[in-house]
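Visitor: sequence below, structure please.
(chains A, B, C and D)
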4 protein chains.
Amino acid sequence: MTDFPKELLTGYGLYKERIYRQFEEEYQNLAIYGQEPEVMVISCCDSRVTPEGIFHAQPGELFVVRNVANLVPPFIQGGGTHGTSAALEYAVTGLKVKHLVVLGHCKCGGVQAFRESNGKLSKTGQFVGPWIKMLEPAAITLACTPVDKNEDPQLALEYAGIRQSLKNLMTFPFIEKLVTQGNLDIHGAWFDIGSGSLRVMNKETELFEDAQDLRARLKEQEAED
Amino acid sequence: MTDFPKELLTGYGLYKERIYRQFEEEYQNLAIYGQEPEVMVISCCDSRVTPEGIFHAQPGELFVVRNVANLVPPFIQGGGTHGTSAALEYAVTGLKVKHLVVLGHCKCGGVQAFRESNGKLSKTGQFVGPWIKMLEPAAITLACTPVDKNEDPQLALEYAGIRQSLKNLMTFPFIEKLVTQGNLDIHGAWFDIGSGSLRVMNKETELFEDAQDLRARLKEQEAED
Amino acid sequence: MTDFPKELLTGYGLYKERIYRQFEEEYQNLAIYGQEPEVMVISCCDSRVTPEGIFHAQPGELFVVRNVANLVPPFIQGGGTHGTSAALEYAVTGLKVKHLVVLGHCKCGGVQAFRESNGKLSKTGQFVGPWIKMLEPAAITLACTPVDKNEDPQLALEYAGIRQSLKNLMTFPFIEKLVTQGNLDIHGAWFDIGSGSLRVMNKETELFEDAQDLRARLKEQEAED
Amino acid sequence: MTDFPKELLTGYGLYKERIYRQFEEEYQNLAIYGQEPEVMVISCCDSRVTPEGIFHAQPGELFVVRNVANLVPPFIQGGGTHGTSAALEYAVTGLKVKHLVVLGHCKCGGVQAFRESNGKLSKTGQFVGPWIKMLEPAAITLACTPVDKNEDPQLALEYAGIRQSLKNLMTFPFIEKLVTQGNLDIHGAWFDIGSGSLRVMNKETELFEDAQDLRARLKEQEAED
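Guide: Predicted structure coming up:
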């Protein structure tokens, strides 16, 4: 017999019998016509952060990279097998997505491991250590020019990591060009499973604002117009 | 005003007001007690392949890496900033997941780009090319010893990629050891959004079998026992 | 005629006719018997921070290294021509000083240059950049585990630099051994020319305390004993 | 209680209550307006050689590097973390000092260690050895073309070290350029704590002349003019 996790088989059964049946036509079209997502999300592997769940998104809507601590590496010429860069290139130049969203989150284990290492990343695993070393520029920037000194240090570094990834996105020539032309937008967001809060980075202040407040303001404005 | 995609804000509003409200207590516990997923999924960035959707999984259940073409690189000593290896290390040695599932899918753009390159990956993008180059051993194995010659070549390479990733998983000492001890299982699966089919790789035959059939057989067996 | 700065010649005249005349015997003894300082100070080149002035110290009392931003590099096996390491080795193993004092200060230009670089040290001068790069671990530690979140970021990084230098001192085997044996003490201090304040790092809390308060408490205790 | 050296706390008390009180306003201005020293001194760590004491200089007047044996390394492209080069760059290109003074001294322990090693610097400490190895070109020049054969060999090498450091200063493009333009002067000087003598190097003869004599001659000339 198979040793495939029984919960997955059961869960799949529910999907097939309820969800697929409901959306069969849309899904068949997705298979026939291919994907045309407008949004790419760079998110964490954390099991509590499910981009499709948080954004109530349907199949076909979000192109999603998930890696430890939702990190975007800086552009490196001849940068080899960098999976996140490959995904960015595929989404931006191939699928021509219109938005890149770096989605960080509360109590991120990658950020926590970085903080606990206190700069001694060699003790943090042979792969995890070099990977989260990408947080170093974020930590340095945070120490040099803190945006909000009252933040909890874990939260402050989660935010700083998102800001650094946004900076790194702009180091890719094919991204920088489209952003400058106004054909691509990049965004930072942060999610807390516990309170259900989503915060969106204000590009001018670099502070994170409650998404529900943003929605309310958008609605008011629409009512006014 | 914010230029954060309005659909995402609207989607999030639905999440917050419907889903979060319903599961508030479970989500707060996930924040307080941390994640303890039993399953890690290595999946594709493709917007049509959402592991939580396909397995009807709740937040906290699946630790998910998503990269182009759901590839697992081979273990490389001093392997630098390899995000997928970092995620594997974090999940296996840190979170102590019990299952690793490589989840491929139908009409994979990464596999298609590999096929279209016809071996000239340098034309496939400076990041996508080196990344999907990891499919080369899969293609070579497929050409040498096809498991099922009647398969469509795109599907055959999707399967071969999954098989190769499973092989590569076993090159990680910390994975190989736990698998040998019986404390970790690795699985291959393949999903088709159009038909809603999920297929699971039979480890003996290396053929992919319909998951609904597996479920049915499991139920029969349980009824017998 | 000489172009030696006239102010220096005038200043030297004052020294020779007033100071030297007054202390002639002590100075001759220092020449004959050699130096036996008990304290080594690692201080900044800043013209406003004069260790002998701040500590009202006489010739022969303080062995002084001064470099940009009062930095101690970490111990590096075969570390080449590192001047500060050479001075430490000379003072600790040769002169057998009893105290090492890392003396930071307010508005340090090296710390400021590091902050303004925001991680792009390549723009900060071909020698200054690599030198103040030694502040990176301090900045990272500050971002990971801030000691006092209410500090001004410049001050916070000045303190963090001192703490990092104290850590680095302990990486030298010949220092670590003597400190462990109780034969050498290391201290952090910080000076502000504007207010005339000296603050001394409390080794347990790692916070900086006013030196005048420390003196007062020491006197009280002596009166009690 | 603190283990901060009691003599330093006492000395600081004297500074704060006497010196700071007297110069409070000047010092506050130094904090507010920043340092603008016209002179940089490259001096030895030796506790008997205090540049501010010898030149009767006030805070804000001398930018001071102190290393073992007052050595200036030669300019090295991509010279890494060379503290003295960093201090030179900061003083010359940042603070725009007008004078660089290499200040050697009598009975220099670094020069003595070099002489005692007899060329076997590997026995002179893992950091001191490589550091004072910078005296080698000075020793070779001295052996080949002695300026004054009657000098005591220790004194002769102290002088030669100063001459070599002056030569090395001119290898820095940003120094050489300003010196050639007449916007920066470099000087050699030598101090003897025992006799209180200061000697200044005559740039033409490369001999060292008594500073008090220089002063007397300067005064005479001023009286004549």
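
Visitor: can you give me how far the longest helix along chain A is from the chain middle?
Guide: Longest helix in chain A, counting residues (DSSP state H): helix A:153-169. Its chain's C-alpha centre and that of helix A:153-169 lie 11 Å apart, by C-alpha atoms, centre = their mean, to the nearest Å.

Visitor: again, but for stretch A:196-215
Guide: Relative to the centre of its chain, stretch A:196-215 is centred 15 Å away, using C-alpha atoms, centre = their mean.

Visitor: and chain B, is that stretch touching that?
Guide: Yes. Counting by C-beta under 8 Å from any C-beta of the partner chain, chain B has neighbours in stretch A:196-215: A:196, A:198, A:200, A:202, A:209, A:211-212, A:214-215. Just so you know, the C-beta spots here come from the backbone N, C-alpha and C atoms, and that holds for glycine as well.

Visitor: make a PyMOL selection of the buried ones in those.
Guide: Buried subset of those, written as a PyMOL selection, criterion 16 or more other C-beta atoms under 10 Å in any protein chain shown:
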select buried, chain A and resi 196+198+200+209+211+212+214+215
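
Visitor: among the residues of stretch A:196-215 next to chain B, which two are most distant?
Guide: A:Gly196 and A:Asn202 (20.4 Å; C-beta to C-beta).

Visitor: up against chain C, what does chain A have?
Guide: A:114-119, A:136-146, A:149-150, A:153, A:156-157, A:160.

Visitor: so A:Leu166 is in contact with A:Asp185, correct?
Guide: No. Using C-beta atoms under 8 Å, A:Leu166 makes no contact with A:Asp185, being 10.9 Å away.

Visitor: who has more neighbours, those two?
Guide: A:Leu166 (20 against 17; other C-beta atoms under 10 Å in any protein chain shown).

Visitor: who touches the more buried one in this structure?
Guide: A:Leu166 sits next to A:72, A:102, A:186-188, A:201 when contact means C-beta atoms under 8 Å, 6 or more residues apart in numbering or on different chains.

Visitor: just these: which are in strands?
Guide: A:102, A:186-188, A:201 (DSSP state E).

Visitor: near chain D, list only the ones from the residues of chain A next to chain C.
Guide: Within those, nothing lies near chain D by C-beta under 8 Å from any C-beta.

Visitor: narrow the residues you listed to those that are buried.
Guide: A:114-115, A:117, A:119, A:136-144, A:146, A:153, A:156-157, A:160.

Visitor: now the strands for chain A?
Guide: A:39-44, A:62-67, A:99-105, A:185-192, A:197-201, A:208-210.

Visitor: chain center to the fourth one: distance?
Guide: Relative to the mean C-alpha coordinate of its chain, strand A:185-192 is positioned 7 Å out (C-alpha atoms, centre = their mean).

Visitor: where does chain A dip in pLDDT?
Guide: Counting by pLDDT under 70, chain A shows low-confidence ranges at A:1, A:77-81, A:119.

Visitor: D:Pro59: which of the residues of stretch A:196-215 next to chain B is nearest?
Guide: A:Asn202 (43.9 Å).

Visitor: surely the closest one and A:Asp210 touch.
Guide: No. Here A:Asn202 does not reach A:Asp210: they are 11.0 Å apart, not a contact under C-beta under 8 Å.

Visitor: which parts of chain A sit against chain D?
Guide: Counting by C-beta under 8 Å from any C-beta, no residue of chain A is near chain D.

Visitor: now do the helices in chain A.
Guide: A:6-14, A:21-33, A:51-54, A:83-89, A:109-117, A:128-132, A:136-144, A:153-169, A:173-181, A:211-224.

Visitor: just the ones you listed: most buried one?
Guide: helix A:83-89 (a mean of 27; mean count of other C-beta atoms under 10 Å in any protein chain shown).

Visitor: which elements pack onto that one?
Guide: Here helix A:83-89 is seen to pack against strand A:39-44, strand A:62-67, strand B:62-67, helix B:83-89, helix B:128-132 when contacts are counted using 3 or more C-beta pairs under 8 Å, 6 or more residues apart in numbering or on different chains; DSSP states H and E.

Visitor: same list (the residues of stretch A:196-215 next to chain B) but as JSON lines, adding distance to C:Glu38.
Guide: Below are these laid out as JSON lines (distance: C-beta to C-beta, whole Å):
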{"residue": "A:Gly196", "distance to C:Glu38": "61"}
{"residue": "A:Leu198", "distance to C:Glu38": "60"}
{"residue": "A:Val200", "distance to C:Glu38": "58"}
{"residue": "A:Asn202", "distance to C:Glu38": "55"}
{"residue": "A:Glu209", "distance to C:Glu38": "57"}
{"residue": "A:Ala211", "distance to C:Glu38": "61"}
{"residue": "A:Gln212", "distance to C:Glu38": "64"}
{"residue": "A:Leu214", "distance to C:Glu38": "63"}
{"residue": "A:Arg215", "distance to C:Glu38": "67"}
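
Visitor: so which of the residues of stretch A:196-215 next to chain B would you say is closest to D:Leu88?
Guide: A:Asn202 (43.3 Å).

Visitor: can you list the domains in chain A?
Guide: Chain A breaks down into these structural domains: A:1-34, A:35-224 (assignment by automatic domain parsing).

Visitor: distance to D:His82 added to the ones you listed, as TSV?
Guide: Output for the domains of chain A, formatted as TSV (distance: least, C-beta to C-beta, whole Å):
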stretch	distance to D:His82
domain A:1-34	58
domain A:35-224	22
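
Visitor: out of the ones you listed, which is closest to B:Ile54?
Guide: domain A:1-34 (5.6 Å).
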